[in-house]
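Undergrad: Here is the input, now give the coordinates:
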Amino acid sequence: MSTSAFEHISPAWPGRAPWGTANSLRAWQQEALTRYLDEAPRDFLAVATPGAGKTTFALRVAAELLHRRIITRIIVVAPTEHLKVQWAEAAHRVGINIDPGLGGSTRGRSKEFDGIAVTYAGVAARVNHYRTRTESFKTLVILDEVHHAGDSLSWGDAIQEAFEPATRRLALTGTPFRSDESPIPFVTYEELPSGAKQSKADYTYGYAEALRDNVVRPVIFMAYGGPMRWRTKAGEVLAANLGEALTKDLTAHAWRTALDPKGEWMQSVLKAADIRLSEVRRHVPDAGGLVIATNQTQARAYARILQQITGEKPTVVLSDEVGASKRIEDFSASDARWLVAVRMVSEGVDVPRLAVGVYATATSTPLFFAQAVGRFVRTRKRGEVATVFLPTVPVILSHAALLEQQRDHVLGGRKKADDDLFAQEDLLVEQANQDAKASDDLLGEWEALESVAQFDHVMFDSQQFGLNAEPNSDEEADYLGLPGLLDADQVSDLLKERQRRQMQRQQRRDKKEKVAPEVSLHRALETKRKELNSLVSQYSRSRGVPHSHIHAELRRQAGGPPLARASTDQVDARIRLIRKWHTGK
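TA: As a prediction, this is how the structure comes out:
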């Protein structure tokens with residue numbers, strides 16, 4: 001087969017090629033292909049960040065192997081039915097005919113096809129069938145998002161058994177780490193000094209490298225906190241601020257209260273996200289937005305809110321509904337504003353025009369978060385920026401901060417329950433995150449009463465910018481109004497400028513307050529203490545330093561008694577000091 005067919009597919013299929021890469025393989029794709037052809041391995045694991053072009057790389061490998069008669073058949077294994085079709089469409093563009101299995105029991109039997117596409121679940125249901133098929137031909141097996149082969153022991157065993165006879169196996173993933181201990185078939189593991197085993201990729205192309213090469217978009221995270229109130233199953237009414245340090249239990253309930261569609265928090269965040277989308281569409285006219293919801297009930301409710309905000313009915317995608325894949329395709333080809341989904345668009349499904357996201361789900365695993373953010377990083381032309389709105393929840397902010405770090409699958413590295421006070425709780429939460437229905441069950445244990453959104457900060461390149469602000473304020477508008485076309489350096493420079501402007505506004509307000517009519521001392525002190533605690537909380541998250549240590553250092557440098565006994569002037573001094581720490585001045 002001639003590789004000239006690849007002139008008809010972009011390096012970033014299914015999107016347009018980004019700046020400087022049209023009609024050729026990207027540097028990483030060419031390097032990985034050269035390594036593959038030189039080493040001629042039976043098994044090869046390629047780890048590349050979402051949006052980097054794993055599909056194009058894999059099809060180029062397949063084309064080379066078919067041309068050299070090393071293989072005569074291809075089997076693509078994908079996580080979802082939608083992705084089977086996506087693979088078939090991509091392969092068709094380079095002259096490879098893949099049957100996605102839409103024609104009933106005769107799928108893949110026509111001699112016109114070079115291979116078939118099947119889901120991991122489909123392999124598990126017919127192990128012997130796929131083993132026989134693999135044995136009958138010189139077969140290349142492409143395992144797309146191969147970490148799914150470790151979703152359960154039965155799936156892993158099925159993949160191992162069905163494809164053990166394969167001539168070649170090419171494994172692909174953008175998120176090689178998992179939350180469980182299930183080994184991934186055909187992946188090499190190396191033993192660490194601790195005794196744990198870590199996956200070893202044959203080629204890795206991470207987000208930081210892709211950002212440097214203008215292959216993916218810079219991602220700006222807009223974090224929102226605010227006060228929450230809810231009633232427990234026992235009838236007790238509790239309140240907490242989503243942006244403050246809380247216990248795991250309080251954080252979980254405050255988080256779910258924020259996501260309640262009836263509350264002000266979710267409505268304010270969706271409105272802010274739509275404002276941001278409008279700004280992006282000034283520079284990228286067909287830019288779209290995606291809301292990732294916890295369950296179907298909330299997805300439909302969020303869609304109704306967006307319709308009220310925009311006057312346009314969003315596309316709603318529920319993974320178990322007939323026609324879900326078609327709705328995704330139609331949305332991708334249109335210029336509609338919003339798509340609301342539960343899990344259907346979390347991985348592999350590509351809608352390149354997505355530029356604004358709202359992470360409105362209680363799912364907290366690093367795997368799911370990385371998959372979700374991966375929906376927004378695919379770039380089509382130089383300078384496109386992605387924006388993702390997040391709740392100010394420590395575990396989610398941590399995932400955002402670690403976006404650029406390489407991660408591998410580690411077996412045997414989890415703490416035992418006896419070693420970690422929260423280990424058993426973490427296991428239960430992970431199990432709940434596996435299924436949206438489990439989250440629905442947890443929601444029945446409490447009742448959301450009130451939620452108010454407050455802009456907390458912007459995170460970019462693992463750094464925090466900005467201070468607390470009210471919705472619809474000038475400060476929030478500064479960050480929502482960032483241009484939709486910027487390179488990474490410009491994003492950083494503009495965020496620093498916005499933060500400087502916000503600090504100047506705050507200083508002017510402080511001066512006005514000194515000449516304004518006096519309020520009672522206890523109210524003034526209460527307001528100042530809240531402001532200081534909010535700044536300490538932000539600084540704690542950005543530096544990983546306990547609140548108590550920050551308060552102690554502020555007291556040491558600014559002087560005065562403990563906060564509970566500090567005067568208004570003494571609290572003011574600490575506020576000025578920690579603001580300087582935030583800005584580095």
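
Undergrad: and residue 52, what element?
TA: Secondary structure from DSSP states H and E places residue 52 outside every helix and strand.

Undergrad: Could you count how many residues lie near it?
TA: As a burial measure, the neighbour count of residue 52 was computed by other C-beta atoms under 10 Å and equals 28. Backbone N, C-alpha and C define where each C-beta goes, glycine included.

Undergrad: Now do the contacts for it.
TA: Residue 52 makes contact with 12, 26, 28, 174, 205, 210, 215, 216, according to C-beta atoms under 8 Å, 6 or more residues apart in numbering.

Undergrad: Now compare these and name the two farthest from each other.
TA: Spanning the widest gap among the contacts of residue 52 are 26 and 174, at 14.9 Å by C-beta to C-beta.

Undergrad: Low-confidence ranges, the stretch 101-250 of the chain, go.
TA: The stretch 101-250 of the chain contains residues with pLDDT under 70 at 102-110, 150-153, 175-182.

Undergrad: any chance you could map the helices in it?
TA: Along the stretch 101-250 of the chain, the segments classed as helices by DSSP state H, counting those that start in this stretch run 120-125, 127-136, 153-163, 207-212, 248-258.

Undergrad: Just want to check the distance between residue 251 and residue 540.
TA: As judged by C-beta to C-beta, to the nearest Å, residue 251 and residue 540 stand 14 Å apart.

Undergrad: Out of the helices of the stretch 101-250 of the chain, which one sits most buried?
TA: Among the helices of the stretch 101-250 of the chain, the stretch with the highest mean neighbour count (mean count of other C-beta atoms under 10 Å) is helix 248-258, at a mean of 21.

Undergrad: now it: how far from the chain's centre is it?
TA: Once both centres are worked out by C-alpha atoms, centre = their mean, to the nearest Å, helix 248-258 turns out to sit 20 Å from its chain's centre.

Undergrad: Please name the nearest non-neighbouring residue to residue 231.
TA: Nearest in space to residue 231, with sequence neighbours left out and distances taken as C-beta to C-beta, 6 or more residues apart in numbering, is residue 447 at 4.4 Å.

Undergrad: host element of that neighbour?
TA: When elements are assigned from DSSP H and E, residue 447 belongs to strand 446-451.

Undergrad: Send me that strand as CSV with only the CA atoms.
TA: Extracted in CSV, the C-alpha atoms of strand 446-451 (Å, rounded to 0.1, in the frame of the first residue of the first chain):
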residue,chain,number,x,y,z
TRP,A,446,-28.5,14.5,51.7
GLU,A,447,-30.4,17.5,50.4
ALA,A,448,-28.9,20.5,48.8
LEU,A,449,-30.3,23.7,50.3
GLU,A,450,-28.3,26.7,49.0
SER,A,451,-25.2,27.3,46.9
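
Undergrad: what's in contact with that strand?
TA: Strand 446-451 is touched from outside by 226-233, 237, 253, 256-258, 260, 262-266, with contacts defined as C-beta under 8 Å, 6+ apart.

Undergrad: quick one: which of those sit in strands?
TA: 227, 228, 229, 230, 231, 232, 237 (DSSP state E).

Undergrad: Correct me if wrong: the first one contacts residue 530.
TA: No: under the criterion of C-beta atoms under 8 Å, residue 227 is not in contact with residue 530, lying 10.4 Å apart.

Undergrad: and stretch 530-542, how far from the chain's centre?
TA: Using C-alpha atoms, centre = their mean, we find the averaged C-alpha position of stretch 530-542 to lie 25 Å away from the chain's own average C-alpha position.

Undergrad: What of stretch 227-235?
TA: Centroid separation between stretch 227-235 and its chain, computed with C-alpha atoms, centre = their mean, is 29 Å.

Undergrad: How about stretch 279-290?
TA: Offset of stretch 279-290 from its chain centre (C-alpha atoms, centre = their mean): 19 Å.

Undergrad: Identify each buried residue in that stretch, please.
TA: Burial within stretch 279-290, assessed by neighbour count using 16 or more other C-beta atoms under 10 Å, is assigned to 279, 280, 281, 284, 287, 288, 289, 290.

Undergrad: on that earlier part again, residue 270: which of the helices of the stretch 101-250 of the chain is closest?
TA: Within the helices of the stretch 101-250 of the chain, the stretch nearest residue 270 is helix 248-258; the backing value is 11.9 Å (C-beta to C-beta).

Undergrad: Please name every helix or strand in contact with the closest one.
TA: Under the contact criterion of 3 or more C-beta pairs under 8 Å, 6 or more residues apart in numbering; DSSP states H and E, helix 248-258 touches strand 227-232, strand 237-241, helix 264-283, strand 446-451.

Undergrad: Single out the most deeply packed of these.
TA: Greatest average neighbour count among those goes to helix 264-283 (a mean of 21), per mean count of other C-beta under 10 Å.

Undergrad: Now do that one and strand 446-451, the angle between them.
TA: Taking axes from the mean of the first three to the mean of the last three C-alpha atoms, to 10 degrees, one finds helix 264-283 and strand 446-451 inclined to each other by 60 degrees.

Undergrad: Mind checking the pLDDT average for helix 264-283?
TA: On average, the pLDDT along helix 264-283 is 94.

Undergrad: OK, contacts around residue 92?
TA: Each residue near residue 92 by C-beta under 8 Å, 6+ apart is listed here: residue 98.

Undergrad: how close does it sit to residue 119?
TA: Residue 92 sits 19 Å away from residue 119, taking C-beta to C-beta as the criterion.

Undergrad: try residue 187
TA: Here the distance between residue 187 and residue 119 works out to 19 Å (C-beta to C-beta).

Undergrad: Of these two, which one has the most company?
TA: Each of residue 187 and residue 119 had its neighbours counted (other C-beta under 10 Å), and the higher figure belongs to residue 187 (23 against 20).

Undergrad: thought that one was touching residue 146?
TA: Yes: between residue 187 and residue 146 there is a contact at 6.9 Å, judged by C-beta under 8 Å.

Undergrad: show me the contacts for residue 243.
TA: Residues in contact with residue 243 (C-beta under 8 Å, 6+ apart) are 225, 226, 392, 454, 456, 468, 534, 537, 538.
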